[in-house]
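>>> What follows is a predicted structure for the sequence shown.
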Amino acid sequence: MGALLLLAGQAVAQGDSAALLASLEQQQLASYRLQTLFHLHSIQEGAENVGGQLKAESASFLTQLEQLDEQASGLGLETEIKAVQDEGRKFAAIVVTDELLEQGYVDLHTVNDLSASQHALREGYQRLEEQLASKGVKGNPLQDQAILMQRIAAEYVRESASLDGGSAIYDNAQDLEKPVDQLAQEFRQQLASLDQQYADQAQVSQKLKKVGITFAYIEKSLQNYKERSVPYVVSRYSDKIVGSLTASN
């Protein structure tokens, strides 16, 4: 009886860990989506529709963030959770700063703050995922690929929002983030790996083929991201790719 109770307890903990990991994956997608919208709003100089999206999606992100305490209860991750929540609140405050929503643009210091906060937040999520991996809870490779795509879109639009593609105007992201073309190369390589991994699963394989076709439309723009900026095209197609990768069927 005692052994059965122990196994049941382990199963519950495993379930909690899996639910927490799924939430962390969703939050990472949301944070890069917010970063993308932040820079699109700057490019469009305060377009009302983008500002509304920023407010709504920031509120949703914060709601998910505040649920982490309950989702991680009993897993011994209090320190890591607090670090992510503190940084996440800071990040969300930057993306809906009055400076951006009222003026339609921000100064370089705010862009720096956002890049630094996004980097710290990513590290916090990674630490939590490493802790969960040590408990035997692994992420969904398709979700990881979706997160990478949203990350690429965020960085591409950030580059587009800078006055000259980021070559003369220096910001923290140049130290903290990989170049867009390098991230795009990683996406293509990982997509090829996923094709092999899911070759015997027709439904997933078809989904990945669709993703590959869509990615091909923007791949050249990502590789040559400093030459001619097409942020709306990249944002639109990245949304399609993320949607395909995260769809339940």
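Looks like it arrived, so ask away. Numbers count the residues shown, from 1 in each chain.
>>> okay, which residue is most central for this protein?
Centroid-nearest residue in the chain: residue 29, 3.3 Å away (criterion: C-alpha atoms, centre = their mean).
>>> elements contacting the helix or strand residue 149 falls within?
Per DSSP states H and E: residue 149 is located in helix 141-161. Counting by 3 or more C-beta pairs under 8 Å, 6 or more residues apart in numbering; DSSP states H and E, the packing neighbours recorded for helix 141-161 are helix 2-43, helix 108-134, helix 180-197, helix 202-223, helix 231-246. (Each C-beta comes from the backbone N, C-alpha and C, glycine too.)
>>> rerun that using 10 Å as the cut-off
Packing contacts for helix 141-161, counted by 3 or more C-beta pairs under 10 Å, 6 or more residues apart in numbering; DSSP states H and E, involve helix 2-43, helix 108-134, helix 173-176, helix 180-197, helix 202-223, helix 231-246.
>>> tell me, which of these is the model least confident about?
Sorting these by mean pLDDT places helix 173-176 lowest, at a mean of 66.
>>> quick one, phi psi at residue 74?
phi 80, psi 0 (degrees, to the nearest 10).
>>> hang on, it packs against residue 16?
Yes - with contact defined as C-beta atoms under 10 Å, residue 74 counts as touching residue 16 (6.9 Å).
>>> So the two - more neighbours on which side?
Shown here are residue 74 and residue 16; by other C-beta atoms under 10 Å, residue 16 has more neighbours (17 against 10).
>>> excluding its backbone neighbours, what's nearest residue 215?
Leaving aside its sequence neighbours, residue 215 sits nearest to residue 241 (C-beta to C-beta, 6 or more residues apart in numbering; 6.1 Å).
>>> ok, now residue 77?
residue 131 (5.9 Å).
>>> how close does the one you found get to residue 125?
Going from residue 131 to residue 125 by C-beta to C-beta, to the nearest Å gives 11 Å.
>>> Now do the shared contacts for those two.
residue 80 (C-beta atoms under 10 Å, 6 or more residues apart in numbering).
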